[in-house]
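Enquirer: Provide a 3D model corresponding to the input given below.
(chains A and B)
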Number of protein chains: 2
Amino acid sequence: MQLDPVLARIDADLENSVHRLLELLRIPSISTDPAFAQNCDIAADWLVCDIESLGATAEKYPTLGHPMVVGHIKPPNSDSLPHILFYGHYDVQPVDPIELWNKDPFDPQLEDTANGRVIRGRGSSDDKGQLMTFVEACRAWKTVHGSLPCKITFFFEGEEESGSPSLVPFLRENKAELTSDIILICDTTLFQSKTPTIVTRLRGMLKEEITVIGPDKDLHSGLYGGVAINPIRVLSKILGSLHDDSGRVTVPNFYDGVPDLPDDVDAQWQELNFNHATFLRDVGLSVPAGEKEFSPLEMIWSRPTCEINGIQGGYTGEGFKTVLPSQASTKVSFRLVGDQDPFAIRKSLHAYVRDMLPYDCQVRFHDHEASSGLVMSTEAPEFEAARQALSAEWPDDAAFIGCGGSIPIAGHFQDIIGVTPILIGFGKDDDQLHSPNEKYDLESFHKGTRSWAHVLDALAR
Amino acid sequence: MQLDPVLARIDADLENSVHRLLELLRIPSISTDPAFAQNCDIAADWLVCDIESLGATAEKYPTLGHPMVVGHIKPPNSDSLPHILFYGHYDVQPVDPIELWNKDPFDPQLEDTANGRVIRGRGSSDDKGQLMTFVEACRAWKTVHGSLPCKITFFFEGEEESGSPSLVPFLRENKAELTSDIILICDTTLFQSKTPTIVTRLRGMLKEEITVIGPDKDLHSGLYGGVAINPIRVLSKILGSLHDDSGRVTVPNFYDGVPDLPDDVDAQWQELNFNHATFLRDVGLSVPAGEKEFSPLEMIWSRPTCEINGIQGGYTGEGFKTVLPSQASTKVSFRLVGDQDPFAIRKSLHAYVRDMLPYDCQVRFHDHEASSGLVMSTEAPEFEAARQALSAEWPDDAAFIGCGGSIPIAGHFQDIIGVTPILIGFGKDDDQLHSPNEKYDLESFHKGTRSWAHVLDALAR
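Expert: Residues are numbered from 1 along each chain as shown, chains lettered A, B, ... in the order given. Below you'll find the predicted structure:
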């Protein structure tokens, strides 16, 4: 039994593991804001050092954006051992609105809460804390046994929160180095904060910035109000029309390629007894806002959406300014499923917006990420092995579930490396991902690390 | 003939007059932003000093907001002379978006342009430059004749750009001191940048901040998108519905009290040959955006409007953040005419917004300024005297016109002091009021000053 002493070591070393994570969390590696580029570089260097301390040969690979970190550990006599690639991302979301944080987002702290100890800080859950669960499991294994039970490739990205522009070219160029038998990704959550899961459905993503331009300068609404077109009015009308009264998205042909949910998947999901009332109540809501004829779980896991992520125009400071602004802009994103074609939807969206423009207005589009949804096959035996390994660590048996988020890398691994990745994560619903006061439960970190030891043990057999 | 030497003195002293104005423009007296409160105070002090140099007894009166400046000049043997009160405001609009200014807004400069010399800087036209035309006319008169031809009361406000919260109480409390025979206000423009005018119609104003609140925190759209209501979506739907396809405002009972345009006024306005194509082309537009059945001049002068002056929600920085924000807010203003009741409309707006809210959303209103429109009687002989005086200075005869803007003080003077004010101003349509790169033509300043000499001369008879 090689697992038990590793678990014991993980328990004994927890305090040090947390301190290593806090170090990484102190680096403000916000990838979407160019002002933080150097910090992304520093985070990559930190990871190179850390996995080298496990005996990896590691390197920081430059890209046009933020660097990739790749490291390999090849145990002695490892020819017959399975080769596992582990993926995580070291970049984090911006922190605004900064005034809603109770503490400095980059001065992470252990904190006691009504629900137990948490690690508080930007990136604690998404994804530095999750990424380090795997690293710490490897460290414990190495410490106890002197070498790991599998060949391991660590692959850390620094652009996940900004659309991963360098990822596909990097995977293509380094396909040989990144090819492996099994791919593990740690960037997901426990189902309802307690059931361990393997995510087998991901939504795709289409992101678009739209700027409506009217007059060629800001105008005084006293002089021009009533006779000059107001771009905020135009943009509001467009955005306000993107959903009909039943919650459906109105962009033409948007639902092309959206599959019906297979009966067996539907049955599995029913068994999960998803409590949407609690899920919504936790964020101050009560009524599901999506398409009326679908269940809340379907709204999140198997139905596409359209969300307005940001809007800005005119005067938004203190007090009032009766300006009639020259332009107004928005950031809109669509979560996609099944065979929805992000590029066809983008084209349809552009046409939809142009059709609604009054004669005097122009529109400027800034295309961002476009990726398809993904439904993964769970036929490979590693899926069942991993499911059982997780079930051994947690009170509930692990489940195959869907995920409302988009992890485009999952599809890229499948397409480019040819391996269907196994998505396991330990975040909780109240982790405040992308929000102020992000946290990661100490339990997530501790049992997450132990979970990976179970998984390594199971996959090594 | 006492006028000619005054006009000659104005011409000879123009350079010094401009330099005095530049001094005043250097004080960043933005009234709406509390950070600039001290500068409002400094501007008030500057004005006290300046009118004292004309022989006025002047004082700065504190208010709950920014101070008022009141100064009196009583020429010797003035019992039979008319008493004129002159109003202007020394506060200015905010300068954002600052990046669109070609120069520091508070480092004013004389600049040569294709249309002649201009004084460039925040407040140059609105209203410091205009205010100083009257002060400089008085200065020239005093220099030439040793005393003024009328009793003069200067009354300068510092809160016009932020809704004049202290004005009505101040007028009430100091009614005796501010009572006069004639009231002059300089805060308007030449018609089509060339015809001198007396404004006899002003639109009222209703300003409202609206914040829609959905989830109690910002959410990750991957986790909650599709099932949680998005406040930007709700706010967009509300704002996008405020105008129907014909350009009419949809708030119930909004048009109650909007009068038809009398035939004689309509005939006068037709004679002005307003070129709306040029008016719109100057700001990059071509199609009047208001109610389809009204002429562009009516849209600006005699019809009410609804404008969205600002909107903000979610992530608006560089790059993208797939946040589902907790709240979204907007600043909306309505220009009102005739007997429209701003308080009834506010009530109707609140109900309209609440009716459109989904169950899970709340709304927070922040009520700002509310004032009625004003139609002034021109029966008092001073109106015709002033009109003829202006006609003597400018190539075109002066006209009685409407104004799309709101100058609530005009109504307050009428209601509280009991005198219908005469609104004369020399701004031009391209002055970029409330916008980046505000300017005041040197011609406006020079001929404006001369105009007041004509008016003083006419009213003194």
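
Enquirer: leaving out sequence neighbours, find the closest residue to A:R26.
Expert: Closest residue to A:R26 in three dimensions, ignoring its sequence neighbours and counting by CB to CB, 6 or more residues apart in numbering or on different chains: A:F106, at 5.8 Å. Where C-beta positions appear, they are placed from N, C-alpha and C, glycine not excepted.

Enquirer: likewise for A:G418?
Expert: A:T179 (7.9 Å).

Enquirer: against chain B, how distant is the residue lying closest to A:V337 once chain neighbours are set aside?
Expert: Here the nearest residue to A:V337 in space, its sequence neighbours aside, is A:G373; by CB to CB, 6+ apart that works out to 4.1 Å. A:G373 is 12 Å from chain B, where distance means CB to the nearest CB, to the nearest Å.

Enquirer: quick one: contacts for A:G373?
Expert: Residues touching A:G373, when contacts are defined by CB atoms under 8 Å, 6 or more residues apart in numbering or on different chains, comprise A:R201, A:L202, A:R203, A:G204, A:P304, A:R335, A:L336, A:V337, A:G338, A:Q340.

Enquirer: so the second one bridges to which residues?
Expert: When you say that, I think you mean A:L202. Listed beta-bridge partners, A:L202: A:L374, A:C403 (assigned using DSSP bridges).

Enquirer: pLDDT value on it, please?
Expert: In the prediction, the pLDDT value recorded for A:L202 is 89.

Enquirer: what's the distance between it and A:G411?
Expert: Between A:L202 and A:G411 the computed distance is 7 Å (CB to CB, to the nearest Å).

Enquirer: is chain B contacted by stretch A:37-54?
Expert: No: no part of stretch A:37-54 sits near chain B under the criterion CB under 8 Å from any CB of the partner chain; the closest distance found is 11.5 Å.

Enquirer: residues in contact with that stretch?
Expert: Contact with stretch A:37-54 is made by A:20, A:23-24, A:27-31, A:58-60, A:66-69, A:71, A:73, A:90-91, A:135, A:138-139, A:142, A:154, A:156, A:158, as judged by CB under 8 Å, 6+ apart.

Enquirer: now do 7 Å
Expert: Stretch A:37-54 is touched from outside by A:20, A:24, A:27-29, A:31, A:58-60, A:66-67, A:69, A:71, A:73, A:90-91, A:135, A:138-139, A:142, A:154, A:156, A:158, with contacts defined as CB atoms under 7 Å, 6 or more residues apart in numbering or on different chains.

Enquirer: so which bits of it are buried?
Expert: Judged by neighbour count using 16 or more other CB atoms under 10 Å in any protein chain shown, the buried positions of stretch A:37-54 are A:N39, A:C40, A:D41, A:I42, A:A43, A:A44, A:W46, A:L47, A:V48, A:D50, A:I51, A:L54.

Enquirer: name the nearest of the residues you listed relative to chain B.
Expert: For chain B, the nearest member of these is A:C40. The distance, counting by CB to the nearest CB, is 12.9 Å.

Enquirer: which one is that closest one nearest to, not counting chain neighbours?
Expert: A:H66 (4.0 Å).

Enquirer: so that neighbour touches A:H89, yeah?
Expert: No: the pair A:H66 / A:H89 is not scored as a contact, 9.7 Å apart, by CB atoms under 7 Å.

Enquirer: pLDDT score for the most far-flung residue of chain A relative to its centre?
Expert: Relative to the mean C-alpha coordinate of chain A, counting by CA atoms, centre = their mean, the farthest residue is A:L223 (47.5 Å). According to the per-residue confidence, A:L223 scores 81 in pLDDT.

Enquirer: check contacts around it.
Expert: B:G404, B:G405, B:L433.

Enquirer: tell me the one of the residues you listed nearest B:I98?
Expert: Taking CB to CB as the measure, B:I98 sits nearest to B:L433 out of these, at 16.7 Å.

Enquirer: list the contacts for that closest one?
Expert: For B:L433, the contacting residues are A:H220, A:L223, B:S125, B:D126, by CB under 7 Å, 6+ apart.

Enquirer: could you do A:P304 as well?
Expert: For A:P304, the contacting residues are A:V249, A:V258, A:F334, A:R335, A:L336, A:V337, A:Q340, by CB under 7 Å, 6+ apart.

Enquirer: what subset of those is buried?
Expert: In terms of neighbour count (16+ other CB under 10 Å), the buried residues within those are A:V249, A:F334, A:R335, A:L336, A:V337, A:Q340.

Enquirer: in the stretch 51-200 of chain A, which spans are helices?
Expert: Defined through DSSP state H, counting those that start in this stretch, the helices belonging to the stretch 51-200 of chain A, from first to last, are A:128-145, A:167-173, A:175-178.

Enquirer: reformat those helices as JSON lines; add distance to A:V234, mean neighbour count and mean pLDDT.
Expert: Output for these, formatted as JSON lines (distance: least, CB to CB, whole Å; neighbours: other CB atoms under 10 Å in any protein chain shown; pLDDT from 0 to 100):
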{"stretch": "helix A:128-145", "distance to A:V234": "41", "mean neighbour count": "25", "mean pLDDT": "98"}
{"stretch": "helix A:167-173", "distance to A:V234": "35", "mean neighbour count": "17", "mean pLDDT": "96"}
{"stretch": "helix A:175-178", "distance to A:V234": "46", "mean neighbour count": "13", "mean pLDDT": "96"}
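
Enquirer: those: which one's closest to chain B?
Expert: Each of these was scored for nearness to chain B using CB to the nearest CB, and the closest is helix A:128-145 (14.1 Å).

Enquirer: the closest one packs against which elements?
Expert: In terms of contacts (3 or more CB pairs under 7 Å, 6 or more residues apart in numbering or on different chains; DSSP states H and E), helix A:128-145 is packed against helix A:3-12, helix A:14-25, strand A:83-89, helix A:442-460.

Enquirer: show me the one of those that comes nearest B:I183.
Expert: Comparing these against B:I183 with CB to CB, the closest turns out to be helix A:14-25 (65.1 Å).

Enquirer: buried ones in that closest one, by neighbour count?
Expert: When neighbours are counted by 16+ other CB under 10 Å, the buried residues of helix A:14-25 are found to be A:L14, A:S17, A:V18, A:R20, A:L21, A:L22, A:L24, A:L25.

Enquirer: show me what it is packed against.
Expert: Here helix A:14-25 is seen to pack against helix A:37-52, helix A:128-145, helix A:442-460 when contacts are counted using 3+ CB pairs under 7 Å, 6+ apart.
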